[in-house]
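Asks: quick one: sequence and predicted model below, then my questions.
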Amino acid sequence: MDVLLSRASTDRLQDPAPDRAQLEQILATALRAPDHGRLQPWRYVIVQGEARSILAENVVASTLRVAPQTPQFNLDKRRQRMATMPMTIVLGMHLHPEHKIPLWEQEMSVAAGAMNILNALHALGFGGIWVSGPITQDPVLAAQFGFEAPHRLAGFVFVGTPDNPLPAPTRPDPAGFMAVWDGTPPVFGQDRNHAP
Ligand SMILES: Cc1cc2nc3c(=O)[nH]c(=O)nc-3n(C[C@H](O)[C@H](O)[C@H](O)COP(=O)(O)O)c2cc1C
């Protein structure tokens with residue numbers, strides 16, 4: 001429980017990234033995500049070392065495709081970030097749109113797998129963050145990682161070792177997010193306190 005409750009995302013990451021054995025352990029937890037119909041939609045492309053600069057260039061090119069007006073400063077920042085993360089796990093979704101299991105359930109299984117990756121990283125003393133942005137919807141970028149339509153990307157997990165101890169995450173009171181049902185639609189404490 002301590003591991004689950006203390007996890008926090010960070011992109012302030014340095015070496016080391018997980019080694020091959022650790023990575024396989026981490027991905028094994030991803031493959032334990034619930035998976036309606038056993039469609040196994042999870043795919044992971046590992047980017048490290050020299051390949052990071054190709055990732056960075058592909059991401060910049062994708063950014064210009066989806067948002068041609070992006071200022072040079074932002075492109076440079078993004079290139080630098082992508083090229084220097086100790087490891088990036090590209091999250092792929094191997095999808096079957098025609099299957100009787102709805103697409104959204106297949107996508108949620110990938111998301112559940114990603115959550116396990118973040119928790120497993122933290123459990124082993126590593127850190128990470130799941131990032132996305134409009135480039136995640138770019139079919140050209142997806143294809144560069146082997147995900148031709150109908151397969152798609154679910155984002156990127158930056159991976160490494162946090163450069164400083166993680167600050168304790170703020171944790172909302174679970175009571176605001178739950179309701180004991182009495183047969184009528186509940187109003188959640190969280191929604192009472194915060195206007196939508
Ligand atoms: C599908 C998905 C995409 C996300 N994309 C981004 C992103 O592009 N940039 C970003 O800063 N955070 C993004 N986040 C949020 C971070 O992963 C993270 O949840 C957030 O920084 C809060 O940190 P915490 O996990 O410590 O609560 C995304 C989260 C999800 C679930």
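Replies: Received the coordinates, thanks.
Asks: tell me how many other residues crowd D15.
Replies: Using other CB atoms under 10 Å, the number of residues around D15 comes to 8. In this view, the C-beta of every residue, glycine as well, is placed from N, C-alpha and C.
Asks: any idea how far H96 is from T29?
Replies: 23 Å (CB to CB, to the nearest Å).
Asks: now T10
Replies: Distance, T10 to H96, by CB to CB: 34 Å.
Asks: tell me which of these two has more neighbours.
Replies: The residue with more neighbours, out of T10 and H96, is T10; 18 against 14, by other CB under 10 Å.
Asks: flag the shaky bits of the chain, pLDDT-wise.
Replies: For the chain, the stretches with pLDDT under 70 are 193-196.
Asks: the spatially most central residue of it: which element?
Replies: In the chain, the C-alpha nearest the mean C-alpha coordinate belongs to W130, at 3.3 Å (CA atoms, centre = their mean). Under the criterion of DSSP states H and E, W130 resides in strand 127-131.
Asks: can I get that strand in CSV, CA atoms only?
Replies: Only the C-alpha atoms of strand 127-131 are listed here, as CSV (Å, rounded to 0.1, in the frame of the first residue of the first chain):
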residue,chain,number,x,y,z
GLY,A,127,10.5,7.1,-11.7
GLY,A,128,8.4,8.0,-14.7
ILE,A,129,5.6,10.0,-16.2
TRP,A,130,3.0,9.3,-18.8
VAL,A,131,2.8,12.1,-21.4
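Asks: so what are the sheet partners of that strand and their directions?
Replies: Partners of strand 127-131 in the sheet, by DSSP bridges, are strand 152-162 (antiparallel).
Asks: residues touching R43, list them.
Replies: L91, G92, M93, H94, G146, F147, H151 (CB atoms under 8 Å, 6 or more residues apart in numbering).
Asks: I'd assumed E107 was in contact with the third one.
Replies: When you say that, I think you mean M93. Yes: here M93 reaches E107: they are 6.1 Å apart, a contact under CB atoms under 8 Å.
Asks: so between the two, which is more surrounded?
Replies: A count of neighbours by other CB under 10 Å puts M93 above the other of M93 and E107, at 22 against 15.
Asks: now the more buried one: how far from the ligand?
Replies: According to CB to the nearest ligand atom, to the nearest Å, M93 stands 11 Å off from the ligand.
Asks: beta partners of that residue?
Replies: What pairs with M93, by the bridge criterion (DSSP bridges), is W42, R152.
Asks: quick one, what contacts it?
Replies: So M93 contacts P41, W42, R43, Q106, E107, V110, F147, H151, R152, L153, A154 (CB under 8 Å, 6+ apart).
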